[in-house]
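Novice: Dropping a prediction and its sequence here:
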Amino acid sequence: MKNVGIVRKVDELGRIVVPIELRRSLGIGDRAEVEIYLDDDNERIILRKHQPMCAFCQSEENIISYKNQLICKNCVIEIGEE
């Protein structure tokens, strides 16, 4: 894990400001969705730029929306064959 040497305080509403330099380097714009994880030891909070994924196979490639569900084109083809 890379230490960038930035410290931020949590405000009274539980918010933390992610510095603009980090957001720019990760391609996280205004109103972007971010995923929040805990590591396996529950000692670290991990933020990740949200990537839409298929509801069936969790692929992040060739995603389309179908009836308010995200699904990849490969799963669409597979479902169509059954």
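Specialist: Perfect, thanks for sending it. Numbering: from 1, shown residues only.
Novice: Can you verify my assumption that residue 52 contacts residue 63?
Specialist: Yes. Assessed by CB atoms under 8 Å, residue 52 is found in contact with residue 63 at 4.9 Å. No exception for glycine: its C-beta is placed from N, CA and C like everyone else's.
Novice: tell me, what's touching the two both at once?
Specialist: Common contacts of residue 52 and residue 63 (CB atoms under 8 Å, 6 or more residues apart in numbering): residue 70.
Novice: Please say which of those two ends up with more neighbours.
Specialist: residue 63 (16 against 12; other CB atoms under 10 Å).
Novice: Look up how far residue 81 lies from that one.
Specialist: Using CB to CB, to the nearest Å, one gets 19 Å for the distance from residue 63 to residue 81.
Novice: what residues does the lengthiest helix in the chain touch?
Specialist: Selection of the longest helix in the chain by residue count, based on DSSP state H, yields helix 73-81. With contacts defined as CB under 8 Å, 6+ apart, helix 73-81 is touched by 54, 56-57, 59, 62, 64, 66.
Novice: cutoff 7 Å now
Specialist: Contacts with helix 73-81, where a contact means CB atoms under 7 Å, 6 or more residues apart in numbering, come from 54, 56-57, 59, 62, 64.
Novice: May I see those arranged in TSV, with neighbour count as well?
Specialist: As requested, these are exported to TSV (neighbours: other CB atoms under 10 Å):
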residue	neighbour count
54	20
56	15
57	12
59	15
62	12
64	13
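Novice: want to try JSON lines for those residues, with distance to residue 28 and pLDDT as columns?
Specialist: Output for these, formatted as JSON lines (distance: CB to CB, whole Å; pLDDT from 0 to 100):
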{"residue": "54", "distance to residue 28": "22", "pLDDT": "93"}
{"residue": "56", "distance to residue 28": "27", "pLDDT": "93"}
{"residue": "57", "distance to residue 28": "26", "pLDDT": "94"}
{"residue": "59", "distance to residue 28": "22", "pLDDT": "93"}
{"residue": "62", "distance to residue 28": "23", "pLDDT": "92"}
{"residue": "64", "distance to residue 28": "23", "pLDDT": "91"}
